[in-house]
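*Asks:* Sharing a sequence plus its predicted fold:
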Amino acid sequence: MNCQEVERLIRGQARPTRFRLPDPAVAHLSQCPVCRGLAELLTRRDAAPPAPMEILRNLEQQIAQDLHAVKPMRPAAYYAAGFTAWFVAFAAAGGWMLKPLAVGVMSPWLCATIWAALGISAGLVIMSLVGQMTPGCRGRVNPVRLPFAILLILPAFFSTMLPHRAEADFWRLGWICLICGLTVFVPAAVAYGLLLRQGALLSPRLAGATLGLLGGLTGTTVLEIHCPLQTALHVVTWHLGVPLITTAGCLMMAILIGRGGAHAS
């Protein structure tokens, strides 16, 4: 056998430390110092020199400086109750401060149906948030599909429940409602964000979009308590425009913050 054939056999070994070569290759190794040197190089097991004790002590001190007690997370029910309490508080306070004018133009059944739909939507979003911030929590709600589902189902629901009729000053009154809903969103998002920071988020972008959706639904709920313009076009365009804007805005903010952190590192 020549050197190339022997080298090919050596490099093709699954475990180079234990060669199983045919007899012609072994005979070639005994005669060829170049191939024999290659085989010795591949089978050599040089033990790593022991690390000096001074280096080990320095590493131990550096690791010990970063060690600190970790505060255990509270149960998932605690965070769910916190989000729910904030949602109810902001909806009730906003409706009371702006006056519940919508109650006077809707029947009790319609009021209960609309508020129940918003409450169920907010509850699903809260479940999604709690699942995202609690490691090991088996969430029953898909956090990726949920925002799309809510932002599609609620407009269809309101279009079915509310009357369709033309209204005067559509743009002027609509902007007032939109700004009012976004104003409610700001303090609500701050409160939700402080609670969200207590968890361990695996996807800040998804959590940001979900938080924006919950804050937007808070603003929509306040508008459904206050605004007397309960027509399908007005509510779908302006009231439900609040969670659409806040979800997209919080998602973009989370993306920008993530990119800024990546560049800084």
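*Replies:* Good, I have the coordinates.
*Asks:* Wait, residue 34 touches residue 2, no?
*Replies:* No - Residue 34 lies out of contact with residue 2 (Cβ atoms under 8 Å); the separation is 11.3 Å. Any C-beta I mention is one placed from the backbone N, CA and C, and that applies to glycine too.
*Asks:* for stretch 124-143, what is the average pLDDT?
*Replies:* Averaged over stretch 124-143, pLDDT sits at 84.
*Asks:* same deal with stretch 150-170?
*Replies:* pLDDT averaged over stretch 150-170 gives 93.
*Asks:* Give the buried residues for that stretch.
*Replies:* 150, 151, 154, 155, 157, 158, 162 (16 or more other Cβ atoms under 10 Å).
*Asks:* After the one helix or strand residue 56 maps to, heading C-terminal, what element do we hit next?
*Replies:* According to DSSP states H and E, residue 56 maps onto helix 53-65. Sequence-wise, the next helix or strand beyond helix 53-65 is helix 76-98, with elements assigned using DSSP H and E.
*Asks:* can you give me the angle the helix or strand that that following helix is followed by makes with helix 76-98?
*Replies:* As assigned by DSSP H and E, the chain's next helix or strand after helix 76-98 is helix 108-133. Angle, helix 108-133 to helix 76-98, by axes from the mean of the first three to the mean of the last three Cα atoms, to 10 degrees: 140 degrees.
*Asks:* coming back round to it: residue 254: which of the buried residues of stretch 150-170 is nearest?
*Replies:* Nearest to residue 254 among the buried residues of stretch 150-170, counting by Cβ to Cβ, is residue 151 at 17.3 Å.
*Asks:* residues near residue 135, how many?
*Replies:* 11 (other Cβ atoms under 10 Å).
*Asks:* Now do the contacts for the nearest residue in space to it that is not next to it in sequence.
*Replies:* Nearest residue to residue 135 in three dimensions, chain neighbours excluded: residue 200, at 5.2 Å (Cβ to Cβ, 6 or more residues apart in numbering). Applying Cβ atoms under 8 Å, 6 or more residues apart in numbering, we find residue 200 in contact with 73, 133, 134, 135.
*Asks:* Against residue 86, how distant is residue 200?
*Replies:* For residue 200, the distance to residue 86 (Cβ to Cβ, to the nearest Å) stands at 20 Å.
*Asks:* cool, and residue 204?
*Replies:* Residue 204 is 20 Å from residue 86, by Cβ to Cβ.
*Asks:* So for the two, which sits in the more crowded spot?
*Replies:* Counted by other Cβ under 10 Å, residue 204 and residue 86 do not tie: residue 86 has more neighbours, with 21 against 16.
*Asks:* nearest spatial neighbour of that one, skipping sequence neighbours?
*Replies:* residue 191 (4.8 Å).
*Asks:* in the protein, what secondary structure element scores lowest on mean pLDDT?
*Replies:* Lowest on mean pLDDT, DSSP states H and E among the helices and strands of the chain sits helix 33-43, with a mean of 72.
*Asks:* Buried residues in it, which are they?
*Replies:* Buried residues in helix 33-43 (16+ other Cβ under 10 Å): 35, 38, 39.
*Asks:* ok, now stretch 172-185?
*Replies:* 174, 177, 178, 180, 181, 182, 184, 185.
*Asks:* can you list the domains in this protein?
*Replies:* 3-43, 76-264 (automatic domain parsing).
*Asks:* Lowest mean pLDDT across these, which one is that?
*Replies:* domain 3-43 (a mean of 71).
*Asks:* what's the closest non-adjacent residue to residue 82?
*Replies:* Nearest to residue 82 is residue 195, by Cβ to Cβ, 6+ apart, at 5.0 Å.
*Asks:* Pull the number of nearby residues for the one you found.
*Replies:* Neighbour tally, residue 195, other Cβ under 10 Å: 18.
*Asks:* For it, give me its contacts.
*Replies:* Residue 195 neighbours (Cβ under 8 Å, 6+ apart): 79, 82, 83, 86.
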